[in-house]
Structure formats: structure tokens, C-alpha cells
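Undergrad: The sequence and its predicted three-dimensional model are supplied below.
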Amino acid sequence: MVALNIPVATTKPVSLPCAFVPSTGLHGNLGLPRTLKWPKKMRQCTRKDGPTKVSAKFELKPPPYPLNALEPHMSKETFEYHWGKHHRTYVENLNKQIAGTELDGLSLEKIVVATYNKGDLLPPFNNAAQVWNHDFFWESMKPGGGGKPSGELLELIERDFGSFDKFIGEFKTAAATQFGSGWAWLAYKANRLNVGNAVNPNPSEEDKKLAVVKSPNAVNPLVWDYYPLLTIDVWEHAYYLDFQNRRPDYISLFMEKLVSWDAVSARLEAAKAEVAEREREDERKSVEEDKTSDSEDEGYLDNNSDVSEAE
Ligand SMILES: [Fe+2]
């Protein structure tokens with residue numbers, strides 16, 4: 001395993017506009033804010049209480065295998081640049097950007113969603129999302145990977161794409177046609193509506209589909225409230241040393257030799273568990289609201305009966 005030597009940001013943080021931290025609505029183990037409240041004017045959020053504390057907490061997480069473990073398909077040299085320089089820079093820049101701001105101390109997932117800011121990106125978004133995306137990408141691969149998944153994952157792929165081969169075709173097309181830098185994803189969609197605070201009136205198991213999506217630059221499916229299961233990095237820095245401009249060859253090799261279907265299956269299981277917990281939480285809230293509504297109605301009736309008796 002590669003030794004980590006991550007310099008901690010020690011300079012005074014830049015004063016940057018930041019979001020108010022969402023005050024309500026955490027869900028599941030990702031701790032994502034369900035609803036976000038933003039001020040009309042973004043405020044400067046450097047803390048005023050004495051010397052600025054710099055926690056700069058995020059570290060460069062190593063891949064779950066040695067840097068030469070994916071050879072000959074992905075070279076050690078690619079890892080030394082891609083992980084050792086590009087990924088490292090995202091981590092260092094993120095730490096500098098969030099130090100001393102209200103984002104300091106939040107989970108990486110929360111920072112990604114908060115700074116996505118419904119598409120009106122705040123400055124730390126690109127670095128935060130790229131740190132998350134690369135952690136996720138390294139863990140999407142393994143030595144001796146590729147082949148075909150099994151069990152429930154394969155069943156859902158066949159249900160939602162028609163066949164495993166059709167899924168492979170869709171995923172490859174998404175990765176190959178992402179113009180410029182970006183990512184392609186397999187994601188699990190919860191049955192939520194793409195409207196803030198809206199609740200699907202008729203949720204069903206059929207809504208919880210797998211989907212192939214592509215995203216530009218640093219964007220990832222967390223910002224759409226999807227559960228990412230698999231990703232491929234199609235920035236040129238991911239493949240240029242090994243494949244030059246032959247992106248389709250890199251994508252094919254990724255699918256055939258590198259994908260860790262074990263990781264994808266584990267992520268699906270976690271996503272389904274979280275969706276189930278969210279549904280139980282929604283049900284609990286609905287029951288509470290009904291109780292509150294009933295007690296208010298009773299109070300109204302009691303008050304009215306008092307009035308009639310007085311008359
Ligand atoms: Fe990358």
C-alpha cells in the first residue's frame with residue numbers, strides 16, 4: 001500500500017461565499033440534505049470568533065489495491081499521475097477552499113450536494129465532487145475484475161435494460177459520447193420526484209429502476225438524489241497514457257477486465273436498504289402529521305362546542 005503524506009493546509013483560508021448549512025432533513029448513511037435552504041444573497045462565511053481554525057480534514061484515500069495491481073490494463077504510471085497528482089490536487093484544493101467556512105466539518109457527500117446548489121455551482125463543488133468521484137472510481141475496479149454480475153444485480157440489469165449485453169451497450173455509449181471531460185454511471189433511482197419537497201403520490205417498486213447516465217466535468221448522480229453504483233472516469237487524464245485518444249478501447253477494457261461487480265452489488269444492497277429506511281421515515285412522518293392534524297381538529301371542535309354552550 002502506498003504511504004500517505006498529505007500536507008495540511010496551514011494558510012489563512014480564502015474568504016469565499018458559501019451556503020448556509022441545511023438545517024433539516026438528513027437521510028440515510030450518506031447524510032445527504034433532503035431539502036436545501038439558501039439565502040438570496042450568499043454571505044461571506046469566514047468565522048469571526050478568534051483565530052481561524054483550519055481543520056482541512058479530507059485526506060487522499062488510496063485505491064484498495066497497489067498502484068500496479070491493474071496492470072497491464074491500467075498502468076502504474078497512469079495511477080501515479082491520476083491518483084498521485086490529479087486526485088491529490090482535488091483534495092488539497094478542497095481543503096483550502098472549505099477551511100474556515102461553514103462547509104468545514106460537513107461530510108464530503110453533504111458538501112457535494114450543498115455546493116451543487118441546484119446547478120448554480122458554488123466554488124468548492126468541482127473539487128469536492130472530483131474527490132468523491134475518484135474515491136468511487138478506484139473502488140469500482142479490482143484486479144481480475146470484469147465478467148458478469150450475478151444475483152439480484154444481474155436480475156435488475158436484465159429487468160431494466162433487457163439483457164446484460166444491452167446494458168453494456170448503453171453504458172459504453174454513455175461513456176463514449178460524453179463530450180469532453182466527465183463520467184458515465186450506473187445508478188439506482190429512488191422513487192422521488194425531481195421537484196424540491198415533492199413526494200411521489202404513488203410510489204411503487206417499478207419506480208426504483210437502474211439507470212445509465214453521463215455527467216459533465218465533476219457532476220455526479222448524488223446531486224439528482226440517485227444512488228451511484230458504478231462509474232468510469234472519461235476525463236482524458238484517466239486513459240491518455242495507456243490509450244492515447246482511443247477512449248472506446250479504454251471503456252471496453254474497463255468493462256471486460258476491471259469492473260468490480262462485487263463492489264457494485266454491495267452498493268446496490270446499501271442503496272436499497274437506505275431507500276427502505278427513507279420510506280419508513282416518510283411513513284413515520286405521515287403518521288405523526290395525521291395525529292397532529294387530528295388533535296387540531298378535536299381542539300377546533302371543542303372550542304366550537306364551548307361557544308355554542310355559551311350561547
Ligand atoms: Fe480523473
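TA: Thanks, I have it. Residues are numbered from 1 along each chain as shown.
Undergrad: what are the ranges of the strands in the stretch 1-150 of the chain?
TA: 17-18, 26-27, 32-33, 43-44 (DSSP state E, counting those that start in this stretch).
Undergrad: Select from those the stretch with the lowest mean pLDDT.
TA: Per-segment mean pLDDT for the strands of the stretch 1-150 of the chain reaches its minimum on strand 26-27, at a mean of 30.
Undergrad: Show me the shaky parts of the stretch 1-150 of the chain.
TA: Scanning the stretch 1-150 of the chain for pLDDT under 70 picks out 1-56.
Undergrad: Work out the gap between the helix or strand harbouring Asp294 and the centre of the chain.
TA: For Asp294, the element it lies in under DSSP states H and E is helix 261-310. How far helix 261-310 lies from its chain's middle: 26 Å, per CA atoms, centre = their mean, to the nearest Å.
Undergrad: ditto for stretch 153-172
TA: With CA atoms, centre = their mean, you get 22 Å for stretch 153-172.
Undergrad: and if you look at stretch 253-264?
TA: 19 Å.
Undergrad: Also stretch 58-67?
TA: 18 Å.
Undergrad: now do stretch 117-131
TA: 11 Å.
Undergrad: Stretch 244-257 too?
TA: 24 Å.
Undergrad: Wondering if it reaches the ion at all.
TA: No. Taking CB under 5 Å from the ion as the criterion, stretch 244-257 and the ion are apart, separated by no less than 12.1 Å. No exception for glycine: its C-beta is placed from N, CA and C like everyone else's.
Undergrad: Residues of the stretch 151-300 of the chain that sit close to the ion?
TA: With CB under 5 Å from the ion as the criterion, the stretch 151-300 of the chain comes near the ion at residues 233, 235, 238.
Undergrad: TSV for those, including pLDDT?
TA: Shown next, in TSV, are these (pLDDT from 0 to 100):
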residue	pLDDT
Asp233	98
Trp235	97
Ala238	97
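Undergrad: Where do the helices of the chain begin and end?
TA: Taking DSSP state H as the criterion, the chain carries its helices at 76-81, 88-98, 108-116, 125-138, 151-161, 164-177, 240-243, 247-253, 261-310.
Undergrad: any chance of these in TSV, plus mean neighbour count?
TA: As requested, these are arranged in TSV below (neighbours: other CB atoms under 10 Å):
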stretch	mean neighbour count
helix 76-81	17
helix 88-98	21
helix 108-116	23
helix 125-138	23
helix 151-161	16
helix 164-177	17
helix 240-243	16
helix 247-253	18
helix 261-310	12
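Undergrad: Tabulate those in CSV, adding columns for distance to Ala187.
TA: Below are those laid out as CSV (distance: least, CB to CB, whole Å):
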stretch, distance to Ala187
helix 76-81, 25
helix 88-98, 21
helix 108-116, 14
helix 125-138, 11
helix 151-161, 11
helix 164-177, 11
helix 240-243, 25
helix 247-253, 17
helix 261-310, 9
